[in-house]
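Asks: just a sequence and a predicted model for now, questions to come.
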Amino acid sequence: MTAPHRLALAALLGLAGCGGLETPDLAHGAVEVRVVGASADGFAYPLGQPGLSRRVAADGSVRFDGLPVGPLRLLVYDDTLVDGTRRAELVGAVVTGAGVVRLVRNGENAPVAPADKMAWAGRVVASVSPDGGGLAVAPRFAVVGTALAAIASPGSPAAELGLLPAAAGVYQLTAAEDGYKPATLDIDVASATNGYDVPLEIETSGDGPRGCEASGGACVNGLHCEAETGRCVQCLADGDCPAGASCDLGEHFCSAPPPGGPGYGAVCSSCTVDTQCDGGTLAAGRCELAAGSATGFCTWAPPAGYGSSCPAGFIFVADDAGIDRCLPAVTCQAYFAKFGQGCFSDDGCQAGGAVAGSTCYGADPDVDVPGYCTAECRTAPDTCVVPGFHCEPGLLRCLRN
């Protein structure tokens with residue numbers, strides 16, 4: 001190497017040592033989104049990093065530097081309108097090393113056709129459905145990776161979380177309530193009000209209160225909280241039953257009257273022989289006994305004209321002896337506990353199958369009001385077997401008294 005070449009190399013090394021030449025950061029890059037027609041209320045943040053939320057600049061742009069290389073999704077929101085709605089989009093991008101990805105979206109005031117603007121964001125309202133018939137006290141909700149979180153008002157199972165970009169794939173909605181296991185529900189948001197029901201299982205680990213015990217014993221349909229299991233049952237003692245009936249402490253259902261006594265056992269009443277149920281509300285009843293069990297529960301055969309139809313939420317079963325009867329789809333306990341639970345959708349009521357064909361009645365997610373789980377009925381005779389419900393003739397649905 002000649003002397004001039006050695007001097008040139010030394011000069012280059014000196015510049016590099018003094019910072020004259022910088023090595024590009026190939027592990028990070030930047031994303032810039034410009035919302036045409038955006039207002040100063042527009043903002044954006046990467047999904048999973050709501051703490052990086054930034055307002056749009058005067059030209060409608062918002063930029064994020066130092067992002068790791070790879071796929072990224074940005075929640076981009078436009079101006080809030082008078083009615084509280086927003087246009088929003090979950091924008092996908094691939095961050096490149098030492099580069100800037102530039103994207104353009106059309107906001108509410110962009111000079112383009114409405115179909116070319118960002119879609120309307122969807123309003124998210126959520127409700128919990130506690131297992132075992134317990135009532136929610138103050139459930140907590142959040143959408144993973146976003147700034148959306150809420151706590152329901154005391155005594156309500158539901159809360160509004162806010163707005164999410166619609167039709168952009170699946171988000172994860174989480175719910176937590178004392179006495180129950182935290183739960184996650186995948187949600188696909190539409191440009192409307194979206195009501196979601198999150199089922200909660202009773203917490204069985206640890207030393208804390210379980211299920212309905214954590215809510216101070218509050219239960220649906222006038223049931224009673226069994227603190228040991230956290231489940232709501234028909235009775236804990238004879239005093240919880242109608243006069244003349246006693247509490248079966250194994251099944252926690254009031255017993256049918258003794259054979260030969262006045263009256264007949266109601267559906268699901270505990271029994272030992274058919275005659276305790278025979279002659280009940282719908283037809284000649286029978287005592288459904290599991291193999292090897294001394295105690296069962298009252299059920300019935302569909303009356304004349306019903307065919308294979310059963311009361312709300314029960315299923316038709318015929319055995320080899322030709323004895324038709326209507327049985328709960330899961331158990332009597334699960335059936336009584338599911339009726340009356342807060343809900344926003346039929347799917348939330350049908351989860352677990354306790355009330356076959358159940359529907360959600362009276363829900364209005366636009367004002368954060370949940371409905372309750374119920375089912376269809378027949379008017380004569382009344383086929384709503386859960387205490388506190390009756391068959392409404394005009395609707396043919398079991399409604400609360």
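Replies: Sure, I can see it.

Asks: give the contact list for Tyr196.
Replies: 124-127, 173, 185, 187, 344-345, 348 (C-beta atoms under 8 Å, 6 or more residues apart in numbering). The way it works is simple: take the backbone N, C-alpha and C, and place the C-beta from them, glycine included.

Asks: give me the element the nearest residue to Gly92 once chain neighbours are set aside is part of.
Replies: Using C-beta to C-beta, 6 or more residues apart in numbering and skipping the chain neighbours, the partner closest in space to Gly92 is Arg73 (5.4 Å). Per DSSP states H and E: Arg73 is located in strand 70-80.

Asks: who does that strand touch, helix- and strand-wise?
Replies: strand 28-36, strand 43-46, strand 86-95 (3 or more C-beta pairs under 8 Å, 6 or more residues apart in numbering; DSSP states H and E).

Asks: tell me where the chain has helices.
Replies: Applying DSSP state H to the chain gives helices spanning 3-17, 332-338, 346-350.

Asks: can you tell me which of the contacts of Tyr196 are buried?
Replies: Applying 16 or more other C-beta atoms under 10 Å to the contacts of Tyr196, the neighbour count classes 124-127, 173, 185, 187, 344-345, 348 as buried.

Asks: that older thread, please name the strands paired to the strand holding Arg73 in the sheet, noting orientation.
Replies: When pairs are called by DSSP bridges, strand 70-80 turns out to pair with strand 43-46 (antiparallel), strand 86-95 (antiparallel).

Asks: what lies in contact with the first one?
Replies: Think strand 43-46. In contact with strand 43-46 (C-beta under 8 Å, 6+ apart) are residues 33, 51-56, 62, 64, 67, 72-77, 147.

Asks: how about a cut-off of 6 Å?
Replies: Under the contact criterion C-beta atoms under 6 Å, 6 or more residues apart in numbering, strand 43-46 has outside partners 52-53, 55, 62, 72, 74-77.

Asks: make TSV from the contacts of Tyr196 and add distance to Asp83 to it.
Replies: Listed next are those as TSV, based on distance: C-beta to C-beta, whole Å:
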residue	distance to Asp83
Val124	16
Val125	16
Ala126	21
Ser127	23
Leu173	24
Leu185	27
Ile187	23
Phe344	21
Ser345	24
Gly348	27
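
Asks: on that earlier part again, for the strands paired with strand 70-80, give me a markdown table that also has distance to Gly179 and mean pLDDT.
Replies: Formatted as a markdown table, these follow (distance: least, C-beta to C-beta, whole Å; pLDDT from 0 to 100):
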| stretch | distance to Gly179 | mean pLDDT |
| --- | --- | --- |
| strand 43-46 | 34 | 95 |
| strand 86-95 | 34 | 93 |
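
Asks: how about those in TSV, adding distance to Val369 and mean neighbour count?
Replies: Listed next are these as TSV, based on distance: least, C-beta to C-beta, whole Å; neighbours: other C-beta atoms under 10 Å:
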stretch	distance to Val369	mean neighbour count
strand 43-46	30	21
strand 86-95	23	21
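
Asks: those: which one's closest to Gly371?
Replies: strand 86-95 (27.0 Å; C-beta to C-beta).

Asks: compute the inter-axis angle for the closest one and strand 28-36.
Replies: 150 degrees (axes from the mean of the first three to the mean of the last three C-alpha atoms, to 10 degrees).

Asks: distance from the chain centre to strand 86-95, please.
Replies: Averaging C-alpha positions (C-alpha atoms, centre = their mean, to the nearest Å) puts strand 86-95 26 Å from its chain's average.

Asks: hmm, who's touching it?
Replies: Under C-beta under 6 Å, 6+ apart, the answer for strand 86-95 is 29, 31, 67, 69-78, 80, 101, 103, 105, 107-108, 118, 120-121, 163, 165, 168.
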